[in-house]
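*Asks:* pasted the sequence and its predicted model underneath.
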Amino acid sequence: MAHAPNPQQIDPQQTEAFFTDAAGQFRFSRWARPIVPVVFGADEASLPALKGAIEAVVLASGHKMAEADPDLGANLMIFFLRDWAELADVQNMDQLVPDLAGLLPRLAASGADQYRFFRFDQTGAIKAGFVFLRMNGALADMPAADLGMEQAVKSMLLWSPQAFADRSPLARIEKTGATVLRADIAALLLAAYDPILPPASEDAVLALRLAARAGQLMG
């Protein structure tokens, strides 16, 4: 995790890269409905910190939480695992996760510690998110609040798979040691949930609008 730097403007090219998938297609999507998280497999003592961090990120983005989703009950499901093979033993998990039988060997072979996917409504906006965390190594060492904050950021938008490969979306304030969102990511989240912008788009021109709004917020 980086120490909190002085805020820097993010440029349109960087913003576009945040939402460009592995095939080179720009794909932006945000939640259109309030977020209702549920956590499976985490230690009971860590649940308040996890849920509190998720709520903090959602509210900081200008979005909303709810007690229940009218269609799904909970719409952001977070699963904590020790090993990817555990998913094969969860009842009906193969109906929830596309190509589960093929996915698990790929995750194990790559040494992945997290996997997420989304479902979308007819407008292309996110209507449900599924997060799977294999709690080994760096993830297992993270404080619950930091882990909740990081996973909330990654679940708020349809980010590129490489968006945070080289740099965490979190930063640490040197004087206090507190963990916060990076200034550019906080501004980008708030810009992304501006109601003036569409909830989903495959037009890279949107990156210009996102960067401009984020820049204004940071300035």
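*Replies:* Great, that's in hand.

*Asks:* list the contacts of the strand or helix carrying residue 29.
*Replies:* Element membership of residue 29, judged by DSSP states H and E, is strand 28-29. Under the criterion CB atoms under 8 Å, 6 or more residues apart in numbering, residues 19, 118, 120, 124-126, 157-158, 192, 199-202, 206-207, 210 lie in contact with strand 28-29. C-betas here are computed from N, CA, C, even on glycine.

*Asks:* apply 6 Å and report the result again.
*Replies:* For strand 28-29, contacts defined as CB atoms under 6 Å, 6 or more residues apart in numbering pick out 19, 124, 126, 158, 200, 201, 206.

*Asks:* the first one - nearest residue in space that isn't next to it in sequence?
*Replies:* So that's residue 19. Spatial nearest neighbour of residue 19, excluding adjacent residues (CB to CB, 6 or more residues apart in numbering): residue 28 at 4.7 Å.

*Asks:* the fourth one now?
*Replies:* With sequence-adjacent residues excluded and distances taken as CB to CB, 6+ apart, residue 158 is closest to residue 29, at 4.0 Å.

*Asks:* gap between the one you found and residue 19?
*Replies:* With distances taken as CB to CB, to the nearest Å, residue 29 is found 9 Å from residue 19.

*Asks:* check contacts around the residue nearest to the spatial centre of the chain.
*Replies:* Among the residues of the chain, the one closest to the centroid is residue 154, at 1.6 Å (CA atoms, centre = their mean). With contact set as CB under 6 Å, 6+ apart, residue 154 has no partners.

*Asks:* gap between the residue sitting furthest away from the middle of the chain and residue 56?
*Replies:* Most distant from the centre of the chain: residue 175, at 27.1 Å, with distances by CA atoms, centre = their mean. Per CB to CB, residue 175 is found 20 Å from residue 56.
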